[in-house]
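>>> Provide a 3D model corresponding to the input given below.
(one chain, ligands or ions: 1)
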Amino acid sequence: MRAARLAGIAAEWVGARWRWSRLRGPALERYRERRARAIVRLALERSPFYRAHWAGHDPDDWRSLPTVDKRGMMEHFGAFNTLGIPRDEAMETALRAERTRDFTPTVRGVTVGLSSGTSGHRGLFLASPREQAVWAGTILARALHGGFRREGWRVALFLRSNSNLYESTDGTLIRFRWFDLMTPPTEAVAALNAYRPHLLLGPPSLLGLLADARERGELRFAPERLVSVAEVLEPQDRERLEAVFGAPVHQVYQCTEGLLAVSCPAGSLHVQEDLVHLQLEPVGNGYVTPVVTDLRRVTQPIVRYRLNDLLRMDDAPCACGSPWRVIRSIDGRCDDLLAFEQADGGTRPFFPDTIRRMVLLADGGVEDYQAFQDRPGHLRVHLAVSDDAPFDGVARAVRASAESIVAGYGCRAPVVEVERGLVPVAPGAKRRRVRRLG
Ligand SMILES: [Zn+2]
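Model (predicted):
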């Protein structure tokens with residue numbers, strides 16, 4: 001059983017290495033077309049949801065089939081998946097796992113989990129043993145740069161929940177150690193000092209806490225590389241982590257809808273073009289939002305799935321030589337666009353990066369921030385200010401910066417409140433610094 005599982009992962013690893021280095025141009029397009037058509041055929045056969053959803057459309061013209069989204073997938077969960085697993089049964093298993101922190105149970109041989117994407121929406125996912133092998137083989141091939149090492153890789157994962165996915169590669173070549181995000185920091189630091197992972201993976205808010213511990217001299221080692229997952233990695237976070245750990249910070253971008261992108265050795269976040277087909281729809285200011293078709297998943301087919309994330313792409317060729325597309329930044333979710341009022345009574349959307357720069361560049365004393373909007377034209381900014389900076393002066397600078405930037409886009413003067421201190425993020429919850437509330 002275990003040998004078969006490892007053989008499955010090894011086969012996927014070999015395939016993933018080969019496709020990453022060789023598959024490009026027309027051969028890549030042929031491969032994707034073949035995979036996409038097979039997934040669409042299978043969904044038509046075995047998913048009552050898709051059959052009804054696509055009625056009257058040509059399945060061969062899969063690039064223009066009607067889209068689906070998280071709400072549709074969750075509402076029709078039992079008809080959506082190809083095994084007819086009811087939502088209640090899957091949810092019960094997933095919630096029991098969350099409660100007991102034992103993440104091994106399966107439903108009809110299929111791993112079930114609750115997942116949340118980079119920008120915070122939660123969904124149920126199903127993964128068959130074969131799909132787990134695809135995931136494990138691919139991530140090992142693409143995220144562990146430099147192949148295998150004599151003493152084996154030690155990887156520390158800080159994630160909200162464990163999963164059979166992470167337990168699926170238990171060998172001497174690589175060891176995973178999962179840390180619950182709820183682990184008290186002092187305990188985590190002691191465990192890390194003993195384990196000394198080569199690769200440290202977690203959300204940037206957690207990596208930031210470990211950076212604090214390293215600066216205080218409590219965390220006594222530095223990994224070779226950090227990998228940011230599950231939350232937006234803002235440039236100032238990346239710079240600080242790289243400075244404190246003296247190691248590069250890479251990213252894995254994945255969510256319920258699949259493994260979307262992984263950083264290459266040169267540090268660029270490449271779309272996993274052989275696993276997912278991303279159609280990018282422009283939403284203004286150079287931002288795009290992806291419509292995802294997963295080319296490998298059959299238990300829970302993801303075809304033309306509208307993801308709510310805001311991305312910016314990088315058109316420059318990557319130094320690693322791969323022509324696979326590069327995501328320059330993941331900036332949050334579409335419903336976190338803030339709005340300010342224009343003179344004519346309409347509103348204008350402001351992207352999270354504009355808000356971030358408006359606050360961070362206002363004054364050197366700003367150490368961290370949150371920006372919330374309850375209604376258009378208003379902005380509530382929470383600030384962490386360095387000890388030697390006078391709060392009132394920093395607050396004045398932030399207010400002035402917000403007013404001048406909002407006015408610069410032809411909008412009416414905003415109402416800006418500035419408050420001292422950050423709003424605590426609940427343990428295990430995602431950090432979202434720019435949020436539209438209500
Ligand atoms: Zn690259």
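>>> Torsion angles phi and psi at Gly393?
phi -70, psi -40 (degrees, to the nearest 10).
>>> My guess is it contacts Asp363. True?
Yes: if you go by C-beta atoms under 8 Å, Gly393 and Asp363 touch, sitting 7.4 Å apart. C-betas here are computed from N, CA, C, even on glycine.
>>> Compare those two and say which is more crowded by neighbours.
Asp363 (19 against 12; other C-beta atoms under 10 Å).
>>> Domain-wise, how is the chain divided?
2-331, 337-436 (automatic domain parsing).
>>> Out of the ones you listed, flag the one nearest the ion.
Ranking those by distance to the ion, with C-beta to the ion as the measure, places domain 2-331 first at 3.2 Å.
>>> Could I get the domains of the chain in TSV, plus columns for mean pLDDT?
TSV is the format used below for those (pLDDT from 0 to 100):
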stretch	mean pLDDT
domain 2-331	90
domain 337-436	92
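>>> Kindly reformat the ones you listed as a markdown table and extend each row with distance to the ion.
Below are these laid out as a markdown table (distance: least, C-beta to the ion, whole Å):
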| stretch | distance to the ion |
| --- | --- |
| domain 2-331 | 3 |
| domain 337-436 | 22 |
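>>> What's the local residue count around Ala429?
15.
>>> Not counting sequence-adjacent ones, nearest residue to Phe158?
Leaving aside its chain neighbours, Phe158 sits nearest to Gly202 (3.1 Å; criterion: C-beta to C-beta, 6 or more residues apart in numbering).
>>> how about that neighbour, what does it touch?
By C-beta atoms under 8 Å, 6 or more residues apart in numbering, the residues touching Gly202 are 156-159, 179, 181, 210, 227-230.
>>> give the contact list for Pro129.
Contacts of Pro129 by C-beta under 8 Å, 6+ apart are 5, 8, 109.
>>> List the buried residues for the host helix or strand of the first one?
Using DSSP states H and E, Arg5 sits in helix 2-22. Of the residues in helix 2-22, 5-6, 8-10, 12-13, 15-17, 19-20 count as buried by neighbour count, 16 or more other C-beta atoms under 10 Å.
>>> Kindly report the same for stretch 345-364.
So for stretch 345-364, counting by 16+ other C-beta under 10 Å, buried means 348-356, 358-360, 362-363.
>>> Make JSON lines from the residues you listed and add secondary structure to it.
What follows is those, written out as JSON lines (DSSP: H, G, I helix; E, B strand; the rest coil):
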{"residue": "Arg348", "secondary structure": "strand"}
{"residue": "Pro349", "secondary structure": "strand"}
{"residue": "Phe350", "secondary structure": "strand"}
{"residue": "Phe351", "secondary structure": "coil"}
{"residue": "Pro352", "secondary structure": "helix"}
{"residue": "Asp353", "secondary structure": "helix"}
{"residue": "Thr354", "secondary structure": "helix"}
{"residue": "Ile355", "secondary structure": "helix"}
{"residue": "Arg356", "secondary structure": "helix"}
{"residue": "Met358", "secondary structure": "helix"}
{"residue": "Val359", "secondary structure": "helix"}
{"residue": "Leu360", "secondary structure": "helix"}
{"residue": "Ala362", "secondary structure": "coil"}
{"residue": "Asp363", "secondary structure": "coil"}
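>>> Out of the residues you listed, the closest to Arg412 would be?
Arg348 (10.0 Å; C-beta to C-beta).
>>> Roughly how far does that closest one sit from Thr354?
11 Å (C-beta to C-beta, to the nearest Å).
>>> what do you get for Ala371?
Taking C-beta to C-beta, one finds Ala371 at 10 Å from Thr354.
>>> Name the residues contacting each of these two.
Common neighbours of Ala371 and Thr354 (C-beta under 8 Å, 6+ apart) do not exist.
>>> For this protein, which segments count as helices?
2-22, 25-46, 48-53, 70-75, 77-80, 87-100, 129-143, 164-167, 185-195, 204-215, 235-245, 352-360, 391-408 (DSSP state H).
>>> Point out the other helices and strands that the last one packs with.
The criterion is 3 or more C-beta pairs under 8 Å, 6 or more residues apart in numbering; DSSP states H and E, and the helices and strands that helix 391-408 contacts are helix 352-360, strand 378-385, strand 415-420.
>>> Pull out the buried positions in that helix.
For helix 391-408, using 16+ other C-beta under 10 Å, the buried residues are 394-395, 397-399, 401-403, 405-406.
>>> Off-centre distance for that helix?
Centroid separation between helix 391-408 and its chain, computed with C-alpha atoms, centre = their mean, to the nearest Å, is 31 Å.
>>> which residues are in contact with it?
Against helix 391-408 from outside (C-beta under 8 Å, 6+ apart): 340, 350, 354, 358-359, 361-363, 365-366, 379, 381, 383, 385, 412-414, 416, 418, 420.
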